[in-house]
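Peer 1: Pasting a predicted model and its sequence here:
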Amino acid sequence: MRIFRIAAYRVFLVLIIICAFYIVCLNVVGRCPTGLDDAGNPDGLHRGPLGDSDISGRAAGLVRFVPASELQDEVVRPLSLPVAIGDEQCSAIDCVINDEYSVSCRRDSQEVYVPFTFLQRYFEVHGKVEEDTANQNSGVKFAWSHTNGKVFYPKERYDPSGPFLSFESYNVEKRSRVKYISGNDGVPLSTQWGQQGYYYPIQIAQFALVHYSKNLTESPAIFHILEDAESDQLSPNWYVNKADRLDKVSVPGRSTALEIESVNGQFKAYNRSRTNGGGVSFNLDLTIPIDNLFTVSMDYRCANSPCSIIVELLADNNKRFFIHYSSNSDVVSRNGVDIHYGVGNRYNTWSRFTRDLYWDFKKGAHLPSLNDYKATNGKHKLNASLRKLTRLIFVGHILVDNMTLSSQLHMDHFFDGVDWFVKHQDQLGGWPINVKRELVEGIAEIPPGWYSAMAQGQAISALTRAYRQRRDPRYLNAAKRATQPFRQRSADNGVLAMFMNQYPWYEEYPTTPSSYVLNGFIYSLIGLYDLTVLDPTDTEARELF
């Protein structure tokens, strides 16, 4: 606890210094002319009566004013009509701001009322009229806030084995900067600083922690078993062409499974009708209550030749689409109604297949179609949503087991995330970010291959939770190795900087000069804290924390 108090004191001290610095800057910049804005107005001010135009300009988020002499013809005139506020009549009055300009206000015998539209611009605050559920008489209230961000208050004391902060309210897949969820690794590809798509460790850690947190806080999943190969009779939902084969077979290590072999191993030979063409299919729209069940899961094993798992679905425009999950390493692409995900070259080995079809279709349909890419300059995208799953189609020689349809499988996605960290950790214990980053003007660009303290910390938080779940030493070992970049200075490809040349600061962005991003620093401390609680004997993590 003493170490925790020291770390908390450091953060508190930094906050005080930053706040003091901001206040000084606000007072200095707020009263100093800075030249002309884009419209040619002195001091960046677009002037005019309140309600017709802004009364303030901004530079770096700070309010700036113009001399009163320049506003003498644009003073807001008081209204002559009285206004009732409460039970008392109010009259108009000029509010003179720093002897520079006026705002039309209201007054009664005790108070002066200033328009919120002025306060909002002047002080950079936010407010709106919203429903007041606690007061049935008035019905509405005015909610004032110093930020337009949503505030999530902790529901309970932080637990390193519990939900990660308020991450259960997040949705990583929904983010526009997530291009899609990789078919090969089951983790998001980001486009935040590179449109080609790249693995961003912060995004992957958040993806894992969100699903872990949702698993603990949401209602249990709605779960439907499609086929487990355990009963004597196979489900009547199967359809097998005469030339194809579907058998229940014994498999070492897992009792029984279904062996599927379709004659036409290429999907292009499949004519997509319900009763003809290659591929063995499982019809989902016969007797299965599948409303809003969009997560498909199964264990599968491809034989020595390529195989595919294809999902047929209906979109909200009643158009039929096909999502292909094939045994290759191709990136995600779309060709008309066909969306393709490569799931890796995995032959003769069992793999876990868990896909959220809602987001796979949403992200895939948004891609430009290959067959009309040139005609539309790559801008042709579908704006459609998944309405219903209709069939699963199996092409090639493949064994499947434990086929399910459910509303969610958060822990499968969580372990996709933490397994990515185990697989891709480098010799320095980090996860290099292979995209350049230019933070702000005046700070040197960070070349590809940099480490982030925020990524290291959130990865540690995910890995320690994975170890608590499965007691797999790979997760704990990866979490311990992830502390190595905390000892390395940012200038030497680490994440350590010294605030005021005295206090250690773990940088989200290892810039030159140091940028001291506060939230990334805090997340890194939370990761170190999670590791010290899990393993109190880890002196390295304890010293760093």
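Peer 2: In hand now; what should we look at?
Peer 1: How about residue 542: what's its closest non-neighbour residue?
Peer 2: In space, not counting the residues next to it along the chain, residue 542 is nearest to residue 532; the distance is 4.9 Å by Cβ to Cβ, 6 or more residues apart in numbering. No exception for glycine: its C-beta is placed from N, CA and C like everyone else's.
Peer 1: Need the per-residue pLDDT for the one you found.
Peer 2: You'll see residue 532 listed with a pLDDT of 97.
Peer 1: Give me the neighbour count for it.
Peer 2: 22 (other Cβ atoms under 10 Å).
Peer 1: Go through the strand or helix carrying it and flag the buried ones.
Peer 2: Taking DSSP states H and E as the criterion, residue 532 maps to helix 518-534. Neighbour counts using 16 or more other Cβ atoms under 10 Å place 520-534 of helix 518-534 among the buried residues.
Peer 1: Stretch 533-545 too?
Peer 2: Those would be 533-535, 538, 541, 544-545, for stretch 533-545 by 16+ other Cβ under 10 Å.
Peer 1: How far away from the center of its chain is that stretch?
Peer 2: Here stretch 533-545 is found 29 Å from its chain centre; the criterion is Cα atoms, centre = their mean, to the nearest Å.
Peer 1: Below-threshold pLDDT in the stretch 301-450 of the chain: ranges please.
Peer 2: 371-382 (pLDDT under 70).
Peer 1: where do the strands sit along it?
Peer 2: For the stretch 301-450 of the chain, strands defined by DSSP state E, counting those that start in this stretch occupy the ranges 308-315, 320-326, 333-335, 338-342, 351-356, 386-395, 397-406.
Peer 1: Just the pLDDT at the residue most central in space within the chain, thanks.
Peer 2: Closest residue to the average C-alpha location of the chain: residue 172 at 2.8 Å, with Cα atoms, centre = their mean. Confidence at residue 172, expressed as pLDDT, is 97.
Peer 1: isn't it right up against residue 206?
Peer 2: Yes: here residue 172 reaches residue 206: they are 5.5 Å apart, a contact under Cβ atoms under 8 Å.
Peer 1: about what we covered before: from the buried residues of stretch 533-545, which one has the minimum pLDDT?
Peer 2: Among the buried residues of stretch 533-545, residue 538 has the weakest pLDDT, 88.
Peer 1: That one: what's it in contact with?
Peer 2: Residue 538 makes contacts with 480, 531-532, as judged by Cβ atoms under 8 Å, 6 or more residues apart in numbering.
Peer 1: bridging residues for the closest residue to residue 282 other than its chain neighbours?
Peer 2: Spatial nearest neighbour of residue 282, chain neighbours left out: residue 392 (4.4 Å); criterion: Cβ to Cβ, 6+ apart. Under DSSP bridges, the beta-bridge partners of residue 392 are residue 282, residue 311.
Peer 1: What is the neighbour count of residue 392?
Peer 2: 24.
Peer 1: I'd like the distance between it and residue 328.
Peer 2: 19 Å (Cβ to Cβ, to the nearest Å).
Peer 1: same thing with residue 358?
Peer 2: Distance from residue 358 to residue 328, by Cβ to Cβ: 24 Å.
Peer 1: now residue 214
Peer 2: Taking Cβ to Cβ, one finds residue 214 at 31 Å from residue 328.
Peer 1: more crowded one of those two?
Peer 2: residue 214 (20 against 17).
Peer 1: contacting residues around the more buried one?
Peer 2: 168, 408, 410.
Peer 1: Checking it next. Helix, strand or coil?
Peer 2: helix (DSSP: H, G, I helix; E, B strand; the rest coil).
Peer 1: mind checking pLDDT for residue 153?
Peer 2: The model reports residue 153 with a pLDDT of 77.
Peer 1: Am I right that it is in a helix?
Peer 2: No: per three-state DSSP, residue 153 lies outside any helix segment and is coil.
Peer 1: Tell me how far it lies from residue 169.
Peer 2: 11 Å.
Peer 1: Residue 385: neighbour count?
Peer 2: 12.
Peer 1: Just list the residues touching the residue nearest to it when sequence neighbours are not counted, thanks.
Peer 2: Among residues not flanking residue 385 along the chain, residue 316 sits closest, at 4.8 Å (Cβ to Cβ, 6+ apart). The neighbours of residue 316, taking Cβ under 8 Å, 6+ apart as the test, are 384-387.
Peer 1: By neighbour count, which of those wins?
Peer 2: residue 386 (22 neighbours).
Peer 1: what is it paired to in the beta sheet?
Peer 2: Here residue 386, judged by DSSP bridges, has bridge partners residue 315.
Peer 1: Need the contacts of residue 538 in TSV (columns: distance to residue 363).
Peer 2: Formatted as TSV, those follow (distance: Cβ to Cβ, whole Å):
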residue	distance to residue 363
480	35
531	33
532	38
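Peer 1: re earlier: closest one of the buried residues of stretch 533-545 to residue 500?
Peer 2: residue 544 (18.8 Å; Cβ to Cβ).
Peer 1: Give me the nearest residue to the closest one, chain neighbours excluded.
Peer 2: Nearest non-adjacent residue to residue 544 (Cβ to Cβ, 6+ apart): residue 486, at 4.8 Å.
Peer 1: Let me see the contact set for the one you found.
Peer 2: Here residue 486 is in contact with 453, 456, 494-496, 506, 524, 528, 544 (criterion: Cβ under 8 Å, 6+ apart).
Peer 1: Look at it and give its secondary structure.
Peer 2: Classified using three-state DSSP, residue 486 is helix.
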